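Engineer: next comes the sequence, and after it the predicted model I'd like to discuss.
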Amino acid sequence: MKQPAHTLIRLTRAQIKPAARVLARAFADEPLWKYFIPDAERRHRQIYYVFRLMVSYGLRYGEGYATSPNLEGVIIWLPSERAKMSLWDQILCGAIPAFLNLGMKTTAHISAADAYIEDVHARNAPFPHQYLSVIGVEPAFQGRGYASALLRPMFARLDAERRPCYLETHTEPNKQIYMHYGFEVREEGTFPNSDTRYTAMVREPQPLQQ
């Protein structure tokens, strides 16, 4: 029986690889990943290893959910104190295979951008919060409400707990979507020596529905 779209499943470690493949397909042509790996064929092949690292870390220290066992969409949340990944955590969660597949130049490029965005994060959310590490929907299922299904349960929980959340996004359409959910822009800019944009956004707890 097909699960209702609003009933999420919690990801297990056995689902790290398939979840990473969903995210890699969802983000393959996003501006940030084009910035990191301009060549399309190489990008489509290699970003899987980055998302495998992110999902593994998210399940170790945060929470990961999918829309159903079919993984139409995937989301990873982290508590703010775990938003920054240590070198040891990177190694534990698969950084070495990622490095070997990405190569030294691309790894250094991604690491530099990560360090920059960590500073953006720190100055725009210097308080306890929930961090939206990544959300992605399989391209064939985009536009069908799966992203909303992934987001709303955590928003309801955070509103009940009176806790804010934070994210970065890199496209204007995504910024508008997040504003619809109550996020406010705290900072916008471009990565150094590039025209690739970022937007730092915070969602304060919303009034509870009566």
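Structural biologist: Received the coordinates, thanks. Numbers count the residues shown, from 1 in each chain.
Engineer: CA atoms for contacts and neighbours, from now on please.
Structural biologist: Will do.
Engineer: please identify the helix or strand for the residue nearest the centre of the chain.
Structural biologist: Computing the C-alpha centroid of the chain and ranking residues by Cα atoms, centre = their mean puts residue 134 first, at 1.1 Å. Secondary structure assignment for residue 134, by DSSP states H and E: strand 130-137.
Engineer: cool, residue 57 as well?
Structural biologist: helix 40-61.
Engineer: strand partners of whatever helix or strand comes next after that helix, parallel vs antiparallel please.
Structural biologist: For helix 40-61, the following helix or strand on the C-terminal side (DSSP H and E) is strand 63-66. Strand 63-66 sits in its sheet next to strand 9-10 (antiparallel), strand 73-79 (antiparallel), going by DSSP bridges.
Engineer: packing partners of the helix or strand following the first one?
Structural biologist: Pointing back at strand 9-10 there. Next along the chain after strand 9-10, taking DSSP H and E as the criterion, comes helix 16-27. Judged by 3 or more Cα pairs under 8 Å, 6 or more residues apart in numbering; DSSP states H and E, the packing partners of helix 16-27 are helix 40-61, strand 73-79, strand 130-137.
Engineer: and if we set it to 7 Å?
Structural biologist: helix 40-61, strand 130-137 (3 or more Cα pairs under 7 Å, 6 or more residues apart in numbering; DSSP states H and E).
Engineer: residue 29 versus residue 159, what's the distance?
Structural biologist: The gap separating residue 159 from residue 29 is 33 Å, by Cα to Cα, to the nearest Å.
Engineer: neighbour count winner among the two?
Structural biologist: Set side by side, residue 159 and residue 29 show more neighbours around residue 159, with 19 against 15, by other Cα atoms under 10 Å.
Engineer: is that one within a helix or a strand, and which one?
Structural biologist: Here residue 159 sits within helix 146-161, counting by DSSP H and E.
Engineer: same question for that helix: list its buried residues.
Structural biologist: Neighbour-count burial for helix 146-161 flags 146-147, 149-151, 155-156, 158-159 (criterion: 16 or more other Cα atoms under 10 Å).
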